[in-house]
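A.B. asks: Below is the sequence, then the predicted model.
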Amino acid sequence: MKLAEPKLEPNAPVRLTHMSANLETVVVLAAGEGTRMKSTTPKVLHEVAGRTLVGHVLSAVNSLKPKHVRVVVGAGREAVEAHLAQVAPSVTTIFQERRGGTGHATQLALAGKDISGTILILAGDTPMLTGDSLQQLLNLHHAGGFTASVLTAEHPEPTGYGRIVRSDDGSLLRIVEERDADDFEKGIYEVNSGVYAFDAKALSGAIGKLSTDNSQGELYLTDVIEILRNEGGSIAAALIEDFVEILGVNDRVQLAESAALLRDRINEGFMRAGVTIVDPTTTWIDATAEIASDVTIFPGTAILGSSKIATGAIIGPRTTLESCTVLAGAKIVESNCINATIGKDAQVGPYSYLRKDTVLGTGAKAGAFVEMKNAKVGDGSKVPHLSYVGDATIGEGTNIGAATIFVNYDGVEKHHTTVGDHVRIGSDSMLVAPVSIGDGAYTAAGSVITEDVPPGAMGVARGKQRNVLGWVMRKRSGTKSAIAAEASEKRDEKKG
């Protein structure tokens, strides 16, 4: 983000710069109904790039290392509080039973609290905000000794945002909400981000003076700015260069827009760090993923959750990894892997499905149309194609023939199969768990193995072939098969 040098005179327009400042308290306003989302899920719990909207805000806030974080919740209280307990257990929640506006929510957050120092207030639906920009706002606020500092942006399409009204000398006069703005004010392109830094004592004194005399009959936090200015407070309006950071999410269209913007930001960061992304527009990487340099990612790939990918790995095309660990040099092609570990130089795909707790060792292979679940595959072992391996341990250097099924479920419980080192499982084998195949053992193709096979033995479990002559002509008379068989017999008779 491009930054300009700040001007620190009271009430003058300023821009952000780098310094250092500490923070006492953060208030996140996350009580909104989110009716335009048309969803039973609370707005702030909708997800983009691996986090909920409020999760992205809290991640940015966490980088500031505040002493206290208070989240005002309302719509979908139980779900929001349960989510916060998972992703940010140290935060305090405040319930806004009656939605009375941002000013009312702030009053609840301050009620009965002896808050001092600086308080940062922001909305819970702005996933693009970065901790760096928030820190710079705080730095400016502290360096200038301001009573209040507001983060603003010049938005090319400002409809829906509160407008920043300045005096002739450029100082901030007031913030006007869209519904209360006149035609002139609606023509202003500088908008309020909803991010504020306040002197806590000054805010506590002004917050009780808010009025509901507006089009929505609510208490606006924005009105605090005018109150503080009229009382002689020094106000800073900090203009951020990239308006994208302040974009909020109010409907599914804006949710998709934020997802695309975050995708581009994340992909650019990885590419500048040495990751090759062949087609960034079709590559989706969560903010929570970790990718080393010299990884190559082909089109149509999604890397989600807490996935970690080591250097030299090749991912895609058309591959989804969710909370997977991929070690150096591994190659995954057109496959779906969830909570799996793919070892060094291992190969997966195409069209493989690796499920939870699957671990491929160094140089191991899960080939075309292979599904694995809770399977440990040793170094150099291969399951080349058309097989299911569930609840199993496979040793080193073993080969599992095509169309082999590890029969792990008896209709009630799952059972484990153990296959030793350098075993050769014949094609179309059924290994009925619980069963063990010893080191160096073989199974004959087409066998149904229900008993342990000792090391070095050949397990054969299939009936002797018996041919019933003339069956087709007798039982399927008149069919194309019968006609073909009869013609073949006649040809053989002529040859004889």
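C.D. replies: Yep, that arrived.
A.B. asks: which residues in the chain form helices?
C.D. replies: Assigned by DSSP state H, the helices in the chain fall at 53-62, 77-87, 102-110, 131-144, 183-186, 200-207, 223-230, 252-272, 471-475, 480-495.
A.B. asks: Could you dump the ones you listed into TSV with mean pLDDT, mean neighbour count and distance to Ala433 added?
C.D. replies: All C-beta spots, glycine's among them, are computed from the backbone N, C-alpha and C. Formatted as TSV, those follow (pLDDT from 0 to 100; neighbours: other C-beta atoms under 10 Å; distance: least, C-beta to C-beta, whole Å):
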stretch	mean pLDDT	mean neighbour count	distance to Ala433
helix 53-62	97	23	40
helix 77-87	97	15	35
helix 102-110	94	23	56
helix 131-144	93	21	50
helix 183-186	92	11	70
helix 200-207	94	19	64
helix 223-230	92	21	67
helix 252-272	97	16	42
helix 471-475	94	13	36
helix 480-495	92	11	38
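A.B. asks: and Glu47, which of these is closest to it?
C.D. replies: Using C-beta to C-beta as the measure, helix 53-62 is the one of the helices of the chain that comes nearest Glu47, at 7.7 Å.
A.B. asks: Residues contacting the closest one, please?
C.D. replies: Residues from elsewhere that reach helix 53-62 (C-beta atoms under 8 Å, 6 or more residues apart in numbering): 26, 28, 30, 43-49, 51, 69, 71, 80, 83-84, 87-88, 91, 120, 122-131, 134, 249, 287.
A.B. asks: now that helix against helix 77-87, angle please.
C.D. replies: Calculated by axes from the mean of the first three to the mean of the last three C-alpha atoms, to 10 degrees, helix 53-62 forms an angle of 40 degrees with helix 77-87.
A.B. asks: so how far is helix 53-62 off the chain centroid?
C.D. replies: Helix 53-62 sits 13 Å away from the centroid of its parent chain (C-alpha atoms, centre = their mean, to the nearest Å).
A.B. asks: and the angle from it to helix 131-144?
C.D. replies: Using the same axes, to 10 degrees: helix 53-62 against helix 131-144 is 50 degrees.
A.B. asks: Just list the residues touching Lys376, thanks.
C.D. replies: Counted by C-beta under 8 Å, 6+ apart, Lys376 has contacts 358-359, 361, 392-394.
A.B. asks: Any chance of JSON lines for these, columns neighbour count and distance to Gly274?
C.D. replies: Listed next are the contacts of Lys376 as JSON lines, based on neighbours: other C-beta atoms under 10 Å; distance: C-beta to C-beta, whole Å:
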{"residue": "Thr358", "neighbour count": "27", "distance to Gly274": "28"}
{"residue": "Val359", "neighbour count": "19", "distance to Gly274": "27"}
{"residue": "Gly361", "neighbour count": "21", "distance to Gly274": "27"}
{"residue": "Ala392", "neighbour count": "25", "distance to Gly274": "37"}
{"residue": "Thr393", "neighbour count": "17", "distance to Gly274": "36"}
{"residue": "Ile394", "neighbour count": "29", "distance to Gly274": "34"}
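A.B. asks: Okay, and which of these map to strands?
C.D. replies: Members of the contacts of Lys376 lying in strands (criterion: DSSP state E): 359, 392-394.
A.B. asks: just for this protein, where's the confidence low?
C.D. replies: 1-22, 496 (pLDDT under 70).
A.B. asks: circling back to that earlier point, farthest-apart pair in the contacts of Lys376, please.
C.D. replies: Gly361 and Ala392 (13.2 Å).
A.B. asks: gap between the two ends of stretch 38-55?
C.D. replies: 20 Å (C-alpha to C-alpha, to the nearest Å).
A.B. asks: same deal with stretch 279-292?
C.D. replies: Its first and final residues considered, stretch 279-292 spans 18 Å by C-alpha to C-alpha.
A.B. asks: Just the buried positions in it, please.
C.D. replies: 280, 282-289, 291-292 (16 or more other C-beta atoms under 10 Å).
A.B. asks: As JSON lines, these with distance to Glu97 would be great.
C.D. replies: Shown next, in JSON lines, are those (distance: C-beta to C-beta, whole Å):
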{"residue": "Pro280", "distance to Glu97": "45"}
{"residue": "Thr282", "distance to Glu97": "45"}
{"residue": "Thr283", "distance to Glu97": "43"}
{"residue": "Trp284", "distance to Glu97": "38"}
{"residue": "Ile285", "distance to Glu97": "39"}
{"residue": "Asp286", "distance to Glu97": "34"}
{"residue": "Ala287", "distance to Glu97": "33"}
{"residue": "Thr288", "distance to Glu97": "33"}
{"residue": "Ala289", "distance to Glu97": "38"}
{"residue": "Ile291", "distance to Glu97": "44"}
{"residue": "Ala292", "distance to Glu97": "48"}
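A.B. asks: Out of those residues, flag the one nearest to Met372.
C.D. replies: Nearest member of those to Met372, counting by C-beta to C-beta, is Ala289, at 21.8 Å.
A.B. asks: just checking, that closest one touches Gly50?
C.D. replies: Yes. Look at Ala289 against Gly50 with C-beta atoms under 8 Å: they come within range, at 7.1 Å.
A.B. asks: Now the residue nearest the centre of the chain: closest residue in space, sequence neighbours ignored.
C.D. replies: Centroid-nearest residue in the chain, with C-alpha atoms, centre = their mean: Gly50, separated by 1.4 Å. Using C-beta to C-beta, 6 or more residues apart in numbering and skipping the chain neighbours, the partner closest in space to Gly50 is Asp286 (2.7 Å).
A.B. asks: Hmm, Glu47 and the one you found touching each other?
C.D. replies: No. Using C-beta under 8 Å, Asp286 makes no contact with Glu47, being 9.4 Å away.
A.B. asks: mind listing what Ile425 touches?
C.D. replies: Contact partners of Ile425, counting by C-beta under 8 Å, 6+ apart, are 398-401, 404, 419, 431, 437, 442-443.
A.B. asks: from those, which two are the most distant?
C.D. replies: Asn399 and Leu431 (13.7 Å).
A.B. asks: Which one's more surrounded, the two?
C.D. replies: The neighbour comparison of Asn399 against Leu431 (other C-beta atoms under 10 Å) goes to Leu431, with 27 against 17.
A.B. asks: ok, now how distant is the more buried one from His416?
C.D. replies: According to C-beta to C-beta, to the nearest Å, Leu431 and His416 sit 11 Å apart.
A.B. asks: Gly312 now?
C.D. replies: Taken as C-beta to C-beta, the span from Gly312 to His416 is 33 Å.
A.B. asks: ok, the two, which is more surrounded?
C.D. replies: Gly312 (18 against 15).
A.B. asks: Surely the more buried one is in contact with Val295?
C.D. replies: Yes. At 7.0 Å, Gly312 and Val295 qualify as touching, with contact defined as C-beta under 8 Å.
A.B. asks: wait, isn't Ala238 in contact with Val150?
C.D. replies: Yes. At 6.8 Å, Ala238 counts as touching Val150 under the criterion of C-beta under 8 Å.
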